[in-house]
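Novice: turn this into a structure:
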Amino acid sequence: MVFKFKRVIQRGNKGSKADNSNDTASSASTAPAGGSASAPALVASQPVATKAGTNAAGSRALPVPAPRTTAAPPISAALGAFFGPLKEKLPNGSFEPLPLFRDVPSSERQNLFVRKLNLCCYIFDFTDPTKDVKEKEIKRQTLLELVDYVTSGTGKFTEAVFEDISKMLVANLFRTLPPSAHENTGSDSFDAEEEEPTMEPAWPHLQIVYEFLLRYVVSSETDAKVAKRYIDQTFVLRLLDLFDSEDPREREYLKTILHRIYGKFMVHRPFIRKAINNIFYQFIFETEKHNGIAELLEILGSIINGFALPLKEEHKLFLARALIPLHKPKCVSMYHQQLSYCIIQFVEKDFKLADTVIRGLLKYWPVTNSQKEVLFLGELEEVLEATQAAEFQRCMVPLFQQFSRCLNSSHFQVKLNLLLANLQYTFTVTCV
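Specialist: Residues are numbered from 1 along each chain as shown. Have a look, this model is predicted:
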């Protein structure tokens, strides 16, 4: 019985080896003919455990009767099938730098590029600054070399290389964001303007990965028709999830990268707008907590500026159902400047929307928050400057009723801002 049991295990082990050899062969086929695809840096994603004293290939080694592990599936075009970043070291326990691009023939550079991508799939723990110091520096230097290689534009990427690039990006960028400090303490009295943001400890590597992604997206060597299979809707959604990071440096990179993706991959434009819309809905009507609303609005400000005339009905609905209700949350001051810019863009493109905007502001006008009232008055002034007489007359009565309530406000700043506001246009239209 023991003998039969061993034979069954050996047959299963041979099957898993065959699967692993197929995956390795598929990744090795991405290398040019002159490349050394069998170099030790092109490691398998999961090391195979063997007994001490057996060779690396494990041709005669008996399988260790330890807990079974299932081989990780190869990355597919749908990045959602990827099962998270690799955290293991190299199978031999070493993490050595690879040759520089200038030290290898040009025919082998793309193969070396793939090897460096695989090397950078290994993730390090930055919570302990004294751990893996040498290895972290090797990865940082390798990432910098990858950025330089993409920037130089030495040649078009093959489709197989796109897959390796996607694997490295997914492994490094897409992660579970840590909870905020107030969530750890269970406190409900959170003020984003007063609290210090939690900075990302892995930023020394993350920054270079983001820079690589930015150069990769804008590169003329990146064929959008091929790259869209890897920078797909799943990739965009996971990128949008990262906008909730507390680190402003990360959100700044994300803002630039998403804007570039929107510009290059036209097929994703409606999806990106819809996904941002859904984030706004969740923020307005459910959580009222999100760190990246200002950056998302800044992207939308540029998108709205490029809308063709006449405006589509979906764009008008976006204004009425998402942008105007963004005045409701208490933390509107965190993103009001960007929100106001988006609102003004709509009114300047279609003056008939002024009535919708003014009535929306009056609907969400704060009652007890004088700081928000001051912000609303400033935005209302800009909207009125772009409003035509016919549109103003439609909302004139409720508008002046709100002005009268502001003049009777107990807070001096509300009165002062109303009196000092440039409302000459308003009164001129009224007199006419």
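Novice: ok, Arg269 - how many residues close by?
Specialist: Residue neighbour count, defined by other C-beta atoms under 10 Å, stands at 13 for Arg269. C-betas here are computed from N, CA, C, even on glycine.
Novice: give me the nearest residue to it, chain neighbours excluded.
Specialist: Once flanking residues are discounted, Arg269 sits nearest to Tyr262: 5.9 Å by C-beta to C-beta, 6 or more residues apart in numbering.
Novice: for that neighbour, give its distance to Leu296.
Specialist: Counting by C-beta to C-beta, to the nearest Å, the separation of Tyr262 from Leu296 is 12 Å.
Novice: and those two? Which one has more around it.
Specialist: Taking Tyr262 and Leu296 together and counting by other C-beta under 10 Å, Leu296 has the greater number of neighbours (24 against 21).
Novice: now do the strands in this protein.
Specialist: With strands called from DSSP state E, the chain shows none.
Novice: which stretches of it have low pLDDT?
Specialist: Low-confidence segments of the chain, defined by pLDDT under 70, span residues 1-94, 155, 181-194, 419-432.
Novice: which residue is nearest the centroid of it?
Specialist: The chain has Leu239 as the residue nearest its centroid, 2.7 Å off, counting by C-alpha atoms, centre = their mean.
Novice: report the contact partners of that residue.
Specialist: Leu173, Leu254, Ile257, Leu258, Ile261 (C-beta atoms under 8 Å, 6 or more residues apart in numbering).
Novice: count of neighbours near the closest residue to Lys264 other than its chain neighbours?
Specialist: For Lys264, the nearest residue in space outside its immediate sequence neighbours is Ala224; the separation is 5.4 Å by C-beta to C-beta, 6+ apart. By the measure other C-beta under 10 Å, the count of residues near Ala224 is 14.
Novice: and the one 3 residues further on, by the same measure?
Specialist: Number of residues near Ala227 (other C-beta under 10 Å) recorded here: 21.
Novice: can you tell me how far it is from Leu117?
Specialist: Using C-beta to C-beta, one obtains 15 Å as the distance from Ala227 to Leu117.
Novice: also Arg251?
Specialist: Noted for Arg251: a distance of 25 Å to Leu117, by C-beta to C-beta.
Novice: next one: Met396
Specialist: From Met396 across to Leu117, the span is 63 Å (C-beta to C-beta).
Novice: out of those two, which sits in the busier spot?
Specialist: For Met396 against Leu117, the residue with the higher neighbour count under other C-beta under 10 Å is Leu117, and the figures read 23 against 15.
Novice: now for the more buried one: which residues touch it?
Specialist: Leu117 makes contact with Leu146, Asp164, Ile165, Lys167, Met168, according to C-beta under 8 Å, 6+ apart.
Novice: next one: it from Arg109, what distance?
Specialist: Relative to Arg109, and taking C-beta to C-beta, Leu117 is found at 13 Å.
Novice: what of Pro204?
Specialist: With C-beta to C-beta as the criterion, Pro204 and Arg109 are 26 Å apart.
Novice: same check on His290?
Specialist: In this structure, His290 and Arg109 are 42 Å apart, going by C-beta to C-beta.
Novice: now do the helices in the stretch 51-200 of the chain.
Specialist: The residue ranges that make up the helices of the stretch 51-200 of the chain, judged by DSSP state H, counting those that start in this stretch, are 109-119, 133-152, 159-173, 181-185.
Novice: out of these, nearest to Met334?
Specialist: When the helices of the stretch 51-200 of the chain are ranked by proximity to Met334, the top entry is helix 181-185, at 14.9 Å, counting by C-beta to C-beta.
Novice: coming back round to it: out of the contacts of Leu117, who's nearest Phe307?
Specialist: Closest to Phe307, out of all of the contacts of Leu117 and judged by C-beta to C-beta, is Ile165, at 32.2 Å.
Novice: isn't that closest one right up against Tyr216?
Specialist: Yes - taking C-beta atoms under 8 Å as the contact criterion, Ile165 and Tyr216 are neighbours in contact, 6.4 Å apart.
Novice: quick one: contacts for the nearest residue to Ala294 once chain neighbours are set aside?
Specialist: Once flanking residues are discounted, Ala294 sits nearest to Tyr335: 3.9 Å by C-beta to C-beta, 6+ apart. For Tyr335, the contacting residues are Ile293, Ala294, Leu297, Leu326, by C-beta under 8 Å, 6+ apart.
Novice: okay, the residues you listed in TSV with distance to Val150 and neighbour count next?
Specialist: Conversion of the contacts of Tyr335 to TSV gives the following (distance: C-beta to C-beta, whole Å; neighbours: other C-beta atoms under 10 Å):
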residue	distance to Val150	neighbour count
Ile293	31	24
Ala294	29	18
Leu297	30	24
Leu326	37	20
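Novice: and those residues, which is closest to Lys136?
Specialist: For Lys136, the closest of the contacts of Tyr335 turns out to be Ala294, at 31.7 Å, with distances computed as C-beta to C-beta.
Novice: which ones are touching that closest one?
Specialist: Contacts were defined as C-beta under 8 Å, 6+ apart; by that measure Ala294 touches Met334, Tyr335, Gln337, Gln338.
Novice: which of those residues are buried?
Specialist: With neighbours counted by 16 or more other C-beta atoms under 10 Å, those contain buried members at Met334, Tyr335, Gln338.
Novice: for the last one, which non-adjacent residue is spatially closest?
Specialist: Translated: Gln338. Closest residue to Gln338 in three dimensions, ignoring its sequence neighbours and counting by C-beta to C-beta, 6+ apart: Leu297, at 3.7 Å.
Novice: verify the stated contact: the one you found with Met334.
Specialist: No - between Leu297 and Met334 there is no contact under C-beta under 8 Å: 10.4 Å.
Novice: done for today, thanks.
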